[in-house]
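Peer 1: I would like to see how this sequence folds:
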Amino acid sequence: MSRRSCLLACLLLIAGAVSASPAKLFRQGNRAYAEKRFDDAINAYMEAAAVMPESVEIYYNLGNAQYRANVPEEAMASYEYAASMAETDAMRSRSWYNLGNCMVKAAEGLREADPQAAVSYFRQAAWFYRLALDYDHNYSNAAYNLEMTQLIAAGIEQQISDEEERAKQENELFAYIREKLEEFITRQGQLLETSDTGESQRILERETLELAVFMQESGLSVDIDLPDGTKRAGPLKDPFEHTAEAADAMARPDQPAALAELIAALGAVPEDPNQQDSESDEDSEDQEDYDMDYEESDEEADMYEAADPFGDFSEYEEIRGVPPPNQTEMDILAEEIRNQERRKEKRSGEYKAVEKDW
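Peer 2: The predicted structure is shown next:
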């Protein structure tokens, strides 16, 4: 069931229990919103919408309250409904604009856990800002947010690219270390079988020590400081320690201990990080994108891609937020009168050719 269908179903359930006029409920919602009691505002607006589902202003303000209550998914449905019902370009523009802001809020919540999904949401936000500009070419906030979402999305994509390159380099490093350790294990096993502690053992000792130094110089064998003040072991910490112990055992010489340490070092080397990344990518593909029912032509895609700003995105201003409700009880009463007149005209037109309708 779509977001819009769910919203309408909820309102139908509420409608039977509502007795106050929509104008009064609307006024209560505005008062609660002004006092930052967003849950109360949501309840009042939903009750008003149950009585007067044709009101664009009610759904628009309901979306504002849901956005401020940090339920952007619900706000998306309200703004989409308001945009679809709006009779003026100004209301359509502001509904699409606020829907873009909801996408930004959803994207911000995913930046750490799923950067690729965050990029998708930022790109969708940009699309809604373009829609807002289509209906109001002078909407400066929409133009500003369009540029900022493109900029932020480009920055996250660059971070993803950098992380993929880092993972690739680490994987190549780990593959080299695994290859050397496998070679050392074979050679140490042969030396153990022949009890050879001479020159061949000393050469292997030197090469094993050089590999341990190589791990240390990579910077991946030390603890990593985390933002919360804790530490996490570097991916090569255990392989380095076991390899260094193997070199010490060879120097004594203690061939069985050296072989055991080499085997332990090989087992501690991380697996291919790109393999793990690919599994994560498959999971992220299952993320359901917002259904916009929109197909962008190749020409439009090229135009928007060329317009994307790529620069220093390390510092940027916040996305400009949702404007507060600015409708009054007089606005909604006037709309109620207009809707009643339209319904009367519709009914008279439908029954015009029928003498009796019972």
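Peer 1: these two touch, right, Asn145 and Cys102?
Peer 2: No - with contact defined as Cβ atoms under 8 Å, Asn145 does not reach Cys102; the gap is 11.9 Å. Glycine gets a C-beta too; all of them are placed from N, C-alpha and C.
Peer 1: More neighbours: these two, which one.
Peer 2: More neighbours surround Cys102 than the other of Asn145 and Cys102, with 28 against 25 (other Cβ atoms under 10 Å).
Peer 1: From Arg130, how far off is that one?
Peer 2: Separation of Cys102 from Arg130 (Cβ to Cβ, to the nearest Å) stands at 15 Å.
Peer 1: What are the boundaries of the helices in the stretch 1-150 of the chain?
Peer 2: 3-15, 22-34, 38-51, 56-68, 72-85, 89-108, 115-135, 140-194 (DSSP state H, counting those that start in this stretch).
Peer 1: Tell me which of those approaches Lys237 most closely.
Peer 2: helix 140-194 (12.8 Å; Cβ to Cβ).
Peer 1: average pLDDT for the closest one?
Peer 2: Helix 140-194 comes out with an average pLDDT of 93.
Peer 1: Please renumber the chain so that the first residue is 45 from this point on.
Peer 2: From this message on, residue numbering opens at 45, which makes the last subject helix 184-238.
Peer 1: sorry, back to before: of the helices of the stretch 45-194 of the chain, flag the one that's most buried.
Peer 2: Highest mean neighbour count among these (mean count of other Cβ atoms under 10 Å): helix 100-112, with a mean of 27.
Peer 1: And the average pLDDT for that helix is what?
Peer 2: Mean predicted confidence for helix 100-112 is 92.
Peer 1: and that helix with helix 66-78, angle?
Peer 2: 30 degrees (axes from the mean of the first three to the mean of the last three Cα atoms, to 10 degrees).
Peer 1: Next, the angle from helix 100-112 to helix 82-95.
Peer 2: Going by the same axes, to 10 degrees, helix 100-112 makes 150 degrees with helix 82-95.
Peer 1: could you check the angle helix 133-152 makes with helix 100-112?
Peer 2: Going by the same axes, to 10 degrees, helix 100-112 makes 20 degrees with helix 133-152.
Peer 1: distance between helix 100-112 and the chain's centre?
Peer 2: The chain centroid and the centroid of helix 100-112 are separated by 23 Å under Cα atoms, centre = their mean, to the nearest Å.
Peer 1: What of stretch 276-290?
Peer 2: 35 Å.
Peer 1: how about the CA coordinates for it, as CSV?
Peer 2: Taking C-alpha atoms only, stretch 276-290 is exported to CSV below (Å, rounded to 0.1, in the frame of the first residue of the first chain):
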residue,chain,number,x,y,z
ARG,A,276,40.1,-0.6,17.7
ALA,A,277,42.9,-3.0,16.8
GLY,A,278,44.5,-2.3,13.4
PRO,A,279,43.8,-5.0,10.8
LEU,A,280,47.4,-6.1,10.8
LYS,A,281,48.1,-6.0,14.5
ASP,A,282,47.7,-9.7,15.1
PRO,A,283,49.5,-10.8,11.9
PHE,A,284,52.4,-8.5,12.7
GLU,A,285,52.7,-9.8,16.3
HIS,A,286,52.6,-13.5,15.1
THR,A,287,55.1,-12.8,12.3
ALA,A,288,57.5,-11.0,14.7
GLU,A,289,57.2,-14.0,17.1
ALA,A,290,58.0,-16.4,14.2
